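> From the sequence below, what's the structure:
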Amino acid sequence: MFSKYRSKRAVSADINMAPMIDIVFQLLTFFMITSTVIQTSSINVDLPEAKTSDSVQQQEHIVTLYKNGTLSWNEEKLSMEELPSKLQELKTQDPNATLVIQGDEGISYGSLIEIMDQARTAGLTKLSLATVLKQ
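All right, here's what the predicted structure looks like:
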């Protein structure tokens with residue numbers, strides 16, 4: 001009789017793990033979704049390597065040329081026909097502006113020369129080619 005009475009009063013020391021597992025799965029889902037959003041909005045350019053690269057401060061005026069021939073101006077899509085007006089606008093805003101040209105490693109040399117020629121035609125004399133420091 002005493003054993004029956006004692007088992008009803010015993011306190012259980014079990015910890016319920018279900019809420020903690022739910023929170024861990026919610027955090028995992030959140031980080032998986034945000035990491036894919038960050039990756040899809042990045043620029044994928046394979047810059048060529050150079051031993052004599054200099055570090056440059058963050059630039060505001062960057063033209064990126066991709067392997068498929070498309071252009072972007074500060075991460076904004078741009079056509080080759082719109083580039084001269086952007087360059088002329090840059091020249092009027094800041095005559096001493098430095099234009100940074102990022103080119104994918106597989107771009108054609110002619111496309112690079114065309115962009116540089118348009119920049120010089122617009123009156124920009126400070127041009128910089130982006131590279132990655134060779135290790």
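> Show me the shaky parts of this protein.
1-12, 36-59, 133-135 (pLDDT under 70).
> CA atoms of the longest helix belonging to it as CSV?
Using DSSP state H to define each element, the chain has its longest helix at helix 18-40. These are the backbone C-alpha positions of helix 18-40, laid out as CSV (Å, rounded to 0.1, in the frame of the first residue of the first chain):
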residue,chain,number,x,y,z
ALA,A,18,10.6,18.7,-28.9
PRO,A,19,10.5,22.5,-28.5
MET,A,20,14.2,22.7,-28.7
ILE,A,21,14.3,20.6,-31.8
ASP,A,22,11.6,22.8,-33.4
ILE,A,23,13.7,25.9,-32.7
VAL,A,24,16.8,24.4,-34.1
PHE,A,25,15.0,23.4,-37.4
GLN,A,26,13.5,26.8,-37.7
LEU,A,27,17.0,28.4,-37.3
LEU,A,28,18.4,26.0,-39.8
THR,A,29,15.7,26.8,-42.3
PHE,A,30,16.2,30.5,-41.9
PHE,A,31,19.9,30.4,-42.5
MET,A,32,19.5,28.1,-45.5
ILE,A,33,17.1,30.4,-47.1
THR,A,34,19.0,33.6,-46.4
SER,A,35,22.3,32.1,-47.7
THR,A,36,20.8,31.2,-51.0
VAL,A,37,19.4,34.7,-51.4
ILE,A,38,22.8,36.2,-50.8
GLN,A,39,24.5,33.9,-53.3
THR,A,40,22.1,34.6,-56.1
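> What count of nearby residues applies to the residue lying closest to Ala122 once chain neighbours are set aside?
Of all residues not flanking Ala122 in the chain, Leu87 sits nearest, at 3.7 Å (C-beta to C-beta, 6 or more residues apart in numbering). Every residue, glycine included, has its C-beta placed from N, CA and C. Leu87 has 22 neighbouring residues, counting by other C-beta atoms under 10 Å.
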